[in-house]
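> build me a structure from this.
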Amino acid sequence: MELRDRVISHFADNIQVQQETMGSLSELIEYASHHILNALLNDRKVVACGNGRSAYSAQMLASILLNQFDRDRPSLPALALATDAATLTGVASHHDLDNVFAKQVRALGQGGDVLVAYVDSGDRPNIAKAIAAAHDKELSVIALTGRNGDRVSSWLRETDIEICVPAQAAMRIHETHILITHCLCDLIDHQLFG
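Below you'll find the predicted structure:
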């Protein structure tokens, strides 16, 4: 396969996943935006977490809410849990990596906040513990997943929301998580600020 064909293949695969996601998850994405909006209107915050590339998505969500999406507007309360190297390494060295997000959720989360957890695949004990801590603290959970949700669905309650990207490849899942995050931020801005 020529290099240009590989490029075309990446674009074609991305377009296919985006179209499938648009067709099957648009209503759920809208519902998730209402969920976040409700928390913000009740003086609560968004707390986001993820591992590796998913940490970037969590940071992007928090950054957009705190700063702006596509126009100047008041800051919205949001926090990404993977940004503080001292906290992450401190928890990991004194406890274990499985608790790096759960300890932060327990300390910083308040009832009515929303935990947005990004999981591209597989068994992620630190995300499972963060979700359990969110439930203990009465935070609602929105999980952005892929690969048929893997084990994440079993960690969620009926009142939680799972937005599962219909893809197997991690790169396609991450690309789509970013687009879904942009959709959520746009819908929140539109509902709050017109």
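> what ranges do the helices span in this protein?
Using DSSP state H, the helices of the chain run over residues 3-41, 53-66, 85-94, 102-108, 125-136, 152-155, 170-193.
> format these as a markdown table; extra columns: distance to residue 47, mean pLDDT and mean neighbour count.
Any C-beta I mention is one placed from the backbone N, CA and C, and that applies to glycine too. Formatted as a markdown table, the helices of the chain follow (distance: least, Cβ to Cβ, whole Å; pLDDT from 0 to 100; neighbours: other Cβ atoms under 10 Å):
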| stretch | distance to residue 47 | mean pLDDT | mean neighbour count |
| --- | --- | --- | --- |
| helix 3-41 | 10 | 96 | 14 |
| helix 53-66 | 8 | 97 | 21 |
| helix 85-94 | 14 | 78 | 12 |
| helix 102-108 | 6 | 96 | 18 |
| helix 125-136 | 8 | 96 | 20 |
| helix 152-155 | 16 | 88 | 17 |
| helix 170-193 | 14 | 96 | 19 |
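> and these: which comes nearest residue 161?
Closest to residue 161 of these, according to Cβ to Cβ: helix 3-41, at 5.1 Å.
> now the angle between helix 170-193 and the closest one, please.
Relative orientation of helix 3-41 versus helix 170-193 (axes from the mean of the first three to the mean of the last three Cα atoms, to 10 degrees): 40 degrees.
> against which helices or strands is helix 3-41 packed?
With contacts taken as 3 or more Cβ pairs under 8 Å, 6 or more residues apart in numbering; DSSP states H and E, helix 3-41 sits against strand 46-50, strand 114-118, strand 140-146, strand 161-165, helix 170-193.
> recalculate using a threshold of 6 Å.
On a contact count with 3 or more Cβ pairs under 6 Å, 6 or more residues apart in numbering; DSSP states H and E, helix 3-41 meets strand 161-165, helix 170-193.
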